[in-house]
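Engineer: Could you look at this predicted model? Sequence included:
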Amino acid sequence: MFNRSGRVRLDSLKGFPLRLSPPQVLVLGFAGVILSGALLLMLPVASRAGTPTDFLTALFTATSATCVTGLVVVDTATHWSTFGQVVILALIQVGGLGFMSMATFFFILMGKRIGLKERLIIQESLNQLRVSGVVRLVRAILLYTFSLEAFFALILAVRFYTDFGFPRCLWMGVFHAVSAFNNAGFDLMGDFRSLTGYVSDPVVNLSVTTLIILGGLGFSVAMELLDYFQFPRRRLSVHTRLVLRVTFLLIAGGALVFGMLEWDNALRDLPLQGKILASYFQAVTPRTAGFNTVDIGQLNPATQFFLIVLMFIGASPGSTGGGIKTATFALLVLTVWSIARGKEDVELFRRRIPHYQVYKALAVVLLSIGTVTLVALLLSITERASFLAILFETVSAFGTVGLSTGITPQLSPAGKLLIILTMFGGRLGPLTLVYALAQRRRKTTIRYPEEKIIVG
């Protein structure tokens, strides 16, 4: 079934062996989920009009849902029927947790044994260092996820009761809770409005942002925090402390900068509470969530560029979000700080970070910048829009964010395909690269003579 290098061996129908590494299994698995979702969304029953949806629109929607992005070419509330919305919600849940986590969930329900092959793939999908304990971790993640989604779905359902009545409020609460926790950004408000009608509503704002933050921290961080509150004498790991600090700084700093830039523009007509909530919400949602309570297309160019930076950084490793990840961003900043101080090692919380992790962080960032640059260049050729709007759309797709200045429905077929590939690459690309680099890291006794080059 598998060999010593961790590659899974599958036998084709013709008898030729096919060896796939766990990252390759993940890529093919996500591709299979997307294609299956697209075929379901093409069915007449999936649209409100009762007619088949074209393949490109269905593929775009399925990719956006599975990659928990939130970019849409048709309005989710008005185009898709209840069946179509259920398919989208299922794709969001599978895409957010990872298809291997959901497969493990069904294996547990059916009482099937989870073998070493599956455990290796789960280890890769959850970015864990060891195979041992991954099934137990999946159980904890599923309980954590479904409990949070159910709790906030009830809160949102009670809030939506006055606007949508019963039983519609229940579906609205469930859909938006799942979409928020998985950092997907899909909504059922209609007319591409997202949550702009609730810009000053504290219940909706605080519920959605809490779900976004908890889903974007990373499952390993969440599990460690739960253990810490149960056993306070345990020390948090360096990774968890770093993620918590960077997350706090990005949200607090993002809210402050957004408020300063938009106080007399997008926030001008709002009361003080609305301005504070809107600034906070727009600082949280670029962390790959995709919801918005103000019109992104009406923001100042400086604000849009600032949101691009936040979207590029994204959420934390092993979470439902995308981007280069908070830990990657922090590691590069710490590397620059160490060089400025004349130190050879990157130090954090009285610990030394291995050099190979710095190399991997640099590789992820360079690959991400290269991807965004190439896609933005191609979209500048195929689309008629300002470069800032194109760059915003590209980073939103690559970071699996879902925020848009409004050009998504007007994309050409070539532009839609480019965004589909970007969403897929953003969900799996950098993470898969890290896995591949980790697998290829080998110790060697051969070291070549050192030679310096001019840098800077």
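Structural biologist: Looks like it came in fine. Numbering: from 1, shown residues only.
Engineer: I'd like to know the average pLDDT value across stretch 317-329.
Structural biologist: For stretch 317-329, mean pLDDT is 84.
Engineer: CA atoms only: put that stretch into CSV for me.
Structural biologist: Taking C-alpha atoms only, stretch 317-329 is exported to CSV below (Å, rounded to 0.1, in the frame of the first residue of the first chain):
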residue,chain,number,x,y,z
PRO,A,317,-1.2,27.4,9.7
GLY,A,318,-3.5,24.3,9.8
SER,A,319,-6.7,26.4,9.8
THR,A,320,-9.7,26.9,7.6
GLY,A,321,-8.1,30.0,6.0
GLY,A,322,-5.6,30.7,3.3
GLY,A,323,-2.8,33.2,2.6
ILE,A,324,0.9,32.8,3.3
LYS,A,325,-0.1,32.3,7.0
THR,A,326,0.6,34.5,10.1
ALA,A,327,3.5,32.3,11.3
THR,A,328,5.2,32.5,7.9
PHE,A,329,4.9,36.3,7.9
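Engineer: Give the next helix or strand downstream of whichever helix or strand residue 140 is part of.
Structural biologist: In this structure, residue 140 sits in helix 134-164 according to DSSP states H and E. Where DSSP H and E defines the elements, the next helix or strand beyond helix 134-164 is helix 168-181.
Engineer: Need the residues that contact that following helix.
Structural biologist: For helix 168-181, contacts defined as CB atoms under 8 Å, 6 or more residues apart in numbering pick out 70, 82, 85, 89, 92-93, 96, 145, 148-150, 152-161, 163-164, 184-188, 207-208, 211-212, 214-215, 289, 291, 320. (Each C-beta comes from the backbone N, C-alpha and C, glycine too.)
Engineer: how does it look with 7 Å?
Structural biologist: Outside helix 168-181, the residues within contact range by CB atoms under 7 Å, 6 or more residues apart in numbering are 85, 89, 92-93, 145, 148-149, 152-154, 156-157, 160-161, 164, 185-188, 208, 211-212, 214-215, 289, 291, 320.
Engineer: quick one: the strands in the chain?
Structural biologist: Taking DSSP state E as the test, the strands found in the chain are 8-11, 17-20, 346-348, 351-353.
Engineer: Could you pull up the mean pLDDT of the helix holding residue 140?
Structural biologist: 88.
Engineer: Mind giving me the packing neighbours of that helix?
Structural biologist: helix 99-110, helix 116-125, helix 168-181, helix 202-216, helix 219-230 (3 or more CB pairs under 7 Å, 6 or more residues apart in numbering; DSSP states H and E).
Engineer: Check the gap between residue 410 and residue 394 for me.
Structural biologist: Here the criterion is CB to CB, to the nearest Å. By it, residue 410 lies 15 Å from residue 394.
Engineer: typo on my end, residue 141
Structural biologist: Counting by CB to CB, the gap from residue 141 to residue 394 is 31 Å.
Engineer: and those two? which has more neighbours close in?
Structural biologist: residue 394 (26 against 21; other CB atoms under 10 Å).
Engineer: so where is the stretch 101-250 of the chain shaky, pLDDT-wise?
Structural biologist: Of all residues in the stretch 101-250 of the chain, those with pLDDT under 70 make up the ranges 101-136, 231-233.
Engineer: Not counting sequence-adjacent ones, nearest residue to residue 154?
Structural biologist: Leaving aside its chain neighbours, residue 154 sits nearest to residue 173 (6.5 Å; criterion: CB to CB, 6 or more residues apart in numbering).
Engineer: count of residues packed around the one you found?
Structural biologist: Going by other CB under 10 Å, the residues that sit close to residue 173 add up to 24.
Engineer: go on, residue 299?
Structural biologist: 22.
Engineer: Please work out how many residues are found near the nearest residue to it once chain neighbours are set aside.
Structural biologist: Nearest residue to residue 299, sequence neighbours excluded (CB to CB, 6+ apart): residue 266, at 5.7 Å. Number of residues near residue 266 (other CB under 10 Å) recorded here: 23.
Engineer: Next: residue 181.
Structural biologist: The number of residues packed near residue 181 is 30, by other CB under 10 Å.
Engineer: Pull out the buried members of the contacts of helix 168-181.
Structural biologist: 85, 89, 92-93, 145, 148-149, 152-153, 156-157, 160-161, 164, 185-188, 208, 211-212, 214-215, 289, 291, 320 (16 or more other CB atoms under 10 Å).
Engineer: Torsion angles phi and psi at the most centrally placed residue in the chain?
Structural biologist: For the chain, residue 321 is the residue whose C-alpha lies nearest the centre (CA atoms, centre = their mean; 2.1 Å). Dihedral angles phi and psi of residue 321 (degrees, to the nearest 10) take the values phi -100, psi 180.
Engineer: Tell me if I'm right that it and residue 183 touch.
Structural biologist: Yes. If you go by CB atoms under 7 Å, residue 321 and residue 183 touch, sitting 4.4 Å apart.
Engineer: Overlap in contacts, the two.
Structural biologist: Common contacts of residue 321 and residue 183 (CB under 7 Å, 6+ apart): 215, 216, 288, 315.
Engineer: what's the neighbour count on residue 426?
Structural biologist: Residue 426: 29 surrounding residues under other CB under 10 Å.
Engineer: tell me the contacts of it?
Structural biologist: Residues near residue 426 by CB under 7 Å, 6+ apart: 67, 322, 397, 398, 399, 400.
Engineer: Out of these, who's the most crowded?
Structural biologist: residue 400 leads the contacts of residue 426 on contacts (other CB under 10 Å) with 35 neighbours.
Engineer: Contacts only, for it.
Structural biologist: With CB under 7 Å, 6+ apart, residue 400 has these contacts: 67, 68, 69, 288, 321, 322, 423, 426, 427.
Engineer: at 8 Å instead, please
Structural biologist: Residues in contact with residue 400 (CB under 8 Å, 6+ apart) are 67, 68, 69, 183, 288, 314, 321, 322, 323, 423, 426, 427.
Engineer: thinking the last one is in contact with residue 323, fair?
Structural biologist: No. The criterion here is CB atoms under 8 Å, and residue 427 misses it with residue 323 at 10.5 Å.
Engineer: Lowest-confidence entry in the contacts of residue 426?
Structural biologist: Comparing pLDDT over the contacts of residue 426, the lowest score belongs to residue 322 (81).
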